[in-house]
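Participant: sequence and computational prediction follow.
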Amino acid sequence: MIPYINHFRPVYESTPMIGWFAAMLIVPFSGMPLGWVFALLAMVMFLLRATQVWSALNFRMAISTKWLTTLEVAELLEIQKKMREESQSMYLGIGFEWTQKHCQIAHDILRMPTTDIPGLPRWLNKTPTGRKIEAKLEELFAPPNSKLDLMPQGSSWIHGMEKKKVNVPFHYKALGGHTVVAGTTGSGKTRTYEVISTQVIHTPDDVLIIIDPKNDDDWKRRVEKECARAGRKFLYFNQSKPSLSIRLNPIENWSQPSEIPNRIAQLMEEGPFRDFAYLFIDRAVKGELYVEDKPNLRSILNYAQSGVANLLERALIRFFREQGFESWEEELASSMQRLAQKGASRVDGMVELYKARFGNEGNRHEALEGLIATHSHDKEHYMRIIASALPLLQMLATGETGLMLAPKADDFSDEREIWDIDKVIKQKAVLYMGLDSLSNNIVEQAIASMMLADVSAVCGAVYNFYETDPSVVLIIDEIAEAINEQVIQVLNKGRGAGFKAFVAFQTRSDLTARLGNESKMLQVLGNLNNQIILRLEDSDTAKWFSDKVGETAIRNLVINSSTSTGTESHIGEFQGSISRSLQLEKAPLIPTRLIHGLPNLQYFMRVSGAAVYQGRIPILSN
């Protein structure tokens, strides 16, 4: 059983330390027989007491001073290499495994007024000399690679409760269970991702795909610089910076044609108009595939706006030739005069010919039937029901955005590279997608959603057809901006295809609002086996993590005292008693107040239901 230790009592050892030090100096000159023996004993006792005082002072300095950790990239890579060889793990800053001992100290502090938390004497910072002494003490007790946090937030004592810090390991075997990084604005999510992505880039077999709705410039520069250092191909996509961006086709990869209209329709609100849009886009896509065209956003927009008459004509010509119907043009010419009188077009005549020769003989073609149904649909009604999809397609398929998302391979004047997710993975490149969601939120959400759907398609192809699974690390910042059904499938089944996802959010309610119901939100969180929790302002999310970590038993020291006197007692006569007892009570291993009080760059981490760590993310420097 772990003994109860009161870390906040006065440092009683300081007085005997001074006494033994004085004895060590005085006894040798006192003339006492064998004085050197007593002086040696005094020195041993002085060293013992000095060690106890140092330990107490070290603890109080640790819980009263706010530090930041800085780390050179070269040193980070050395640590990563060592940890990979020794324990197959990734480096996630310095910290310690959080146990009942730390929970006990935390509850002791939480029961104290803030002003009673022991630290350096307050009079030190009231005089120039005192401030100098305080600075020297802080320098003396500073952890390695640390500097003072000049703009501190949160409670410094959380990280200072354990003086024996270690390199926090994040085992690669656990990465396949996917990881959530939760934290409020400014708590350190991007810095955490910088440390993770730097290590992934310098692991040659890992592919890195980053989707950053905020387009954080520091993170992008870090990734680009580390790619140059590691000799990796760096790809940058940003719809608002077309001259600096690659071209990236979000509907390049699919296993079933229906995936293409599904990716577009999922961007619309649920309802009958979404279903009709899916239906008409699906017909156009199957028609394009039948005539051996490659569907893209521009071609889909063209058929949605202008109709499918041209596509239907090409499809019918191909079908007639496949069926050996060589005389179709002569038969069409003989009937066109009659059809022209009715206001019918050449395509209408071809449709009639198709129905007469093949439609009634059970020799129908699925793609043709869909195109014919769209072509013969009432034009006014068609435009009304497709109108909900047109603004979205217009935004994605026209202008510079259209050239980036529906690239023209035969446009030799455009020297920007053309990529897709499958190509990124096969060539082991690093893709950074900055989406600037603040300036154009609707378009950026649509792009992110479609790209993640493409990732899901590639994930399925890897699972089904690749001989060896690649190692793909997918980092999604602010997942509520881009989550869809395909992302849920990646989280649910991506492990078998070698995908390891890191996703970030600020509150659970962000996911609920985006997905529409709490059940979907819980489904997403259920696939995130690892949790890295920075400071949270949302109590619901903090309690969710606290409940996941579980409970422990803490000890409370209860002191009872009483005095009494009788009516017949003499003056000054009384009876008294004092009793002390330790009581056990259940308490959360990590109280929510600690999660609310984490300083910037500090976190709690739970790995796949196993160990729980408290750590501090370093600030990378060159």
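Facilitator: Nice, I can see it.
Participant: show the pLDDT at Arg122.
Facilitator: The per-residue pLDDT reported for Arg122 equals 57.
Participant: start at 17 instead
Facilitator: Right, with 17 as the first residue, what we last looked at is Arg138.
Participant: tally of neighbours for the residue nearest to Pro32 when sequence neighbours are not counted?
Facilitator: Nearest non-adjacent residue to Pro32, counting by CB to CB, 6 or more residues apart in numbering: Arg65, 5.3 Å away. Where you see a C-beta, it was placed from the backbone N, CA and C, and this is true even at glycine. Arg65 is flanked by 20 other residues according to other CB atoms under 10 Å.
Participant: how about Arg65, what does it touch?
Facilitator: Residues near Arg65 by CB atoms under 8 Å, 6 or more residues apart in numbering: Glu29, Ser30, Pro32, Met33, Trp36.
Participant: now for those: which two are most distant?
Facilitator: Within those, Ser30 and Trp36 form the most distant pair, 11.1 Å apart (CB to CB).
Participant: which of these two has more neighbours?
Facilitator: For Ser30 versus Trp36, neighbours defined as other CB under 10 Å are more numerous around Trp36 (20 against 15).
Participant: give me the distance between Leu552 and Thr568.
Facilitator: Using CB to CB, to the nearest Å, one obtains 21 Å as the distance from Leu552 to Thr568.
Participant: am I right that Gly512 is in contact with Gly476?
Facilitator: No: with contact defined as CB atoms under 8 Å, Gly512 does not reach Gly476; the gap is 10.0 Å.
Participant: which one of those two has more residues nearby?
Facilitator: Gly476 (21 against 13).
Participant: in what helix or strand does the residue lying closest to the more buried one once chain neighbours are set aside lie?
Facilitator: With sequence-adjacent residues excluded and distances taken as CB to CB, 6+ apart, Gly476 is closest to Ser271, at 6.2 Å. Counting by DSSP states H and E, no helix or strand carries Ser271.
Participant: and Ser271, how many residues sit next to it?
Facilitator: Neighbours of Ser271 under the rule other CB under 10 Å: 12.
Participant: now it: how far from Cys475?
Facilitator: From Ser271 to Cys475 the distance is 11 Å (CB to CB).
Participant: kindly report the same for Glu102.
Facilitator: Plainly put, Glu102 is 31 Å away from Cys475 if you go by CB to CB.
Participant: looking at this structure, which helix or strand does the model trust least?
Facilitator: Lowest by mean pLDDT, DSSP states H and E among the helices and strands of the chain is helix 144-157, with a mean of 62.
Participant: quick check, pLDDT for Tyr199.
Facilitator: Not quite, residue 199 is Gly, not Tyr. For Gly199, the model assigns a pLDDT of 92.
Participant: quick one, phi/psi of the nearest residue to it once chain neighbours are set aside?
Facilitator: Counting by CB to CB, 6+ apart, Leu550 is the residue found nearest to Gly199 once chain neighbours are left out, at 3.0 Å. Torsion angles at Leu550 (phi, psi; degrees, to the nearest 10) stand at phi -90, psi -170.
Participant: Leu550 contacts Val197, doesn't it?
Facilitator: Yes: with contacts defined as CB under 8 Å, Leu550 counts as touching Val197 at a distance of 7.4 Å.
Participant: okay, and the common contacts of those two?
Facilitator: In terms of CB under 8 Å, 6+ apart, Leu550 and Val197 are both contacted by the residues Lys205, Thr208.
Participant: tally of neighbours for Lys371?
Facilitator: Lys371: 12 surrounding residues under other CB under 10 Å.
Participant: and Leu87, by the same measure?
Facilitator: Leu87 has 18 neighbours, counted by other CB under 10 Å.
Participant: more neighbours: Leu552 and Thr568, which one.
Facilitator: More neighbours surround Leu552 than the other of Leu552 and Thr568, with 24 against 17 (other CB under 10 Å).
Participant: of the contacts of Arg65, closest to Leu84?
Facilitator: Closest to Leu84, out of all of these and judged by CB to CB, is Ser30, at 30.4 Å.
Participant: need the residues that contact the strand or helix carrying Thr31.
Facilitator: Assigned by DSSP H and E, Thr31 belongs to helix 30-42. Helix 30-42 is contacted by residues Phe54, Ala55, Ala58, Met59, Met61, Phe62, Arg65, Ala66, Gln68, Val69 when judged by CB under 8 Å, 6+ apart.
Participant: how about 7 Å then?
Facilitator: For helix 30-42, the surrounding residues in contact (CB atoms under 7 Å, 6 or more residues apart in numbering) are Ala55, Ala58, Met59, Met61, Phe62, Arg65, Ala66, Val69.
Participant: and stretch 496-503, by the same measure?
Facilitator: With contacts defined as CB under 7 Å, 6+ apart, stretch 496-503 is touched by 227, 229, 282, 453, 461, 464-465, 468-469, 472, 492, 521, 526-527, 530-531.
Participant: ranking these by neighbours, who comes first?
Facilitator: Comparing those by number of neighbours (other CB under 10 Å), Ala469 comes first, having 29 neighbours.
Participant: what about it, which SS state?
Facilitator: Using DSSP: H, G, I helix; E, B strand; the rest coil, the structure places Ala469 in helix.
Participant: tell me the contacts of it?
Facilitator: Ala469 makes contact with Arg279, Asn500, Gln502, according to CB under 7 Å, 6+ apart.
Participant: which of the residues you listed tops the neighbour count?
Facilitator: Neighbour counts for the contacts of Ala469 (other CB under 10 Å) peak at Arg279, which has 25 neighbours.
Participant: what's the neighbour count on Glu534?
Facilitator: Glu534 has 12 nearby residues by other CB under 10 Å.
Participant: how close does the residue lying closest to it once chain neighbours are set aside get to Gln502?
Facilitator: Spatial nearest neighbour of Glu534, chain neighbours left out: Thr528 (5.4 Å); criterion: CB to CB, 6+ apart. According to CB to CB, Thr528 stands 19 Å off from Gln502.
Participant: returning to that earlier point: now the helix holding Thr31, how far from the chain's geometric center?
Facilitator: Mean-position distance between helix 30-42 and its chain equals 56 Å (CA atoms, centre = their mean, to the nearest Å).
Participant: what comes up buried for it?
Facilitator: Under the neighbour-count criterion of 16 or more other CB atoms under 10 Å, helix 30-42 has Pro32, Met33, Trp36, Phe37, Ala39, Met40 buried.
Participant: run the chain-centre distance for stretch 285-294.
Facilitator: Distance, centroid of stretch 285-294 to centroid of chain: 31 Å (CA atoms, centre = their mean).
Participant: and if you look at stretch 345-358?
Facilitator: For stretch 345-358 - counting by CA atoms, centre = their mean - the centre lies 63 Å from the chain centre.
Participant: now that stretch: buried residues?
Facilitator: Buried residues in stretch 345-358, defined by neighbour count with 16+ other CB under 10 Å: Leu348, Met352, Leu355.
Participant: can you list the domain ranges for this protein.
Facilitator: If you go by automatic domain parsing, the domain ranges for the chain are 17-80, 82-192+549-569+600-638, 194-261+434-544, 275-413, 570-599.
Participant: I'd say Glu329 and Met366 touch.
Facilitator: Yes: counting by CB atoms under 7 Å, Met366 is a contact partner of Glu329 at 6.4 Å.
Participant: looking at the two, which is more packed in?
Facilitator: Neighbour count, other CB under 10 Å: between Glu329 and Met366, Met366 has more, with 22 against 18.
Participant: residue contacts, the nearest residue to the more buried one once chain neighbours are set aside?
Facilitator: Computed as CB to CB, 6+ apart, the closest residue to Met366 that is not its neighbour in sequence is Leu332, at 4.6 Å. Neighbour list for Leu332: Met366, Tyr370, Leu384 [criterion: CB under 7 Å, 6+ apart].
Participant: could I get those residues as CSV with distance to Ala558 and pLDDT?
Facilitator: What follows is the contacts of Leu332, written out as CSV (distance: CB to CB, whole Å; pLDDT from 0 to 100):
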residue, distance to Ala558, pLDDT
Met366, 66, 89
Tyr370, 65, 88
Leu384, 58, 90
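Participant: thanks again, I'm all set now.
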